[in-house]
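J.: Here's a sequence, model it:
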Amino acid sequence: QVQLVESGGGSVQSGGSLRLSCVASGTTFARYGIGWFRQAPGKEREFVAAVDWNGDSTYYEDSVKGRFFISRDNAKNTVWLQMNSMKPEDTAVYYCAADRYFSQNYYRSDMYEFWGQGTQVTVSS
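T.: So this is what the prediction gives:
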């Protein structure tokens, strides 16, 4: 069982930055690939970024490439999502998720077994 807790959300103006954290407990964190997803009101949950078990490979949704950066420190059981040059369309609840069998299907939310409770991010214009 994996428990995930997100933090770092808040309100920021367009062009600003936020860093989200996802802290894991209850398991060997290094065995899991981690993904960040987001869900805006009235929309489906969408993939944002993912990182493999040791941090060597990272993946991004096209609209966040070059603005968002995912990283992890297995010694701290933590994954971060650094969000720069933020836009109003980045407004959503952001979730981190863990996948024991991380693969090229990293963008599919149904591949992840464990989820955090989410953190709200609001970007004003």
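J.: From now on I want contacts and neighbour counts done on CA atoms only, so please keep to that.
T.: OK.
J.: Kindly state the beta-bridge partners for the most centrally placed residue in the chain.
T.: Nearest to the geometric centre of the chain sits Trp36, at 2.2 Å (CA atoms, centre = their mean). Beta-bridge partners recorded for Trp36 (DSSP bridges): Ala49, Cys96.
J.: Look at it and report its pLDDT.
T.: Listed pLDDT for Trp36 reads 98.
J.: Kindly report the same for Phe102.
T.: 88.
J.: follow-up on the earlier one: what separation do you get for the residue nearest to the centre of the chain and Leu18?
T.: Using CA to CA, to the nearest Å, Trp36 is found at 14 Å from Leu18.
J.: Repeat that for Phe69.
T.: Computed as CA to CA, the Phe69 to Leu18 distance reads 11 Å.
J.: Hmm, the residue nearest to the centre of the chain is touching Cys96, no?
T.: Yes - Trp36 sits in contact with Cys96 when judged by CA atoms under 8 Å, with a separation of 4.5 Å.
J.: can you pull the contacts of the closest residue to Tyr107 other than its chain neighbours?
T.: Computed as CA to CA, 6 or more residues apart in numbering, the closest residue to Tyr107 that is not its neighbour in sequence is Phe47, at 5.4 Å. Phe47 makes contacts with 35-38, 60-61, 107-109, as judged by CA atoms under 8 Å, 6 or more residues apart in numbering.
J.: mind putting those residues in a markdown table, distance to Val12 included?
T.: Shown next, in a markdown table, are the contacts of Phe47 (distance: CA to CA, whole Å):
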| residue | distance to Val12 |
| --- | --- |
| Gly35 | 23 |
| Trp36 | 19 |
| Phe37 | 19 |
| Arg38 | 16 |
| Tyr60 | 21 |
| Glu61 | 21 |
| Tyr107 | 26 |
| Arg108 | 28 |
| Ser109 | 26 |
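J.: quick one: which of these has the most company?
T.: Gly35 (30 neighbours; other CA atoms under 10 Å).
J.: from what I can see that one touches Cys96, true?
T.: Yes - if you go by CA under 8 Å, Gly35 and Cys96 touch, sitting 5.6 Å apart.
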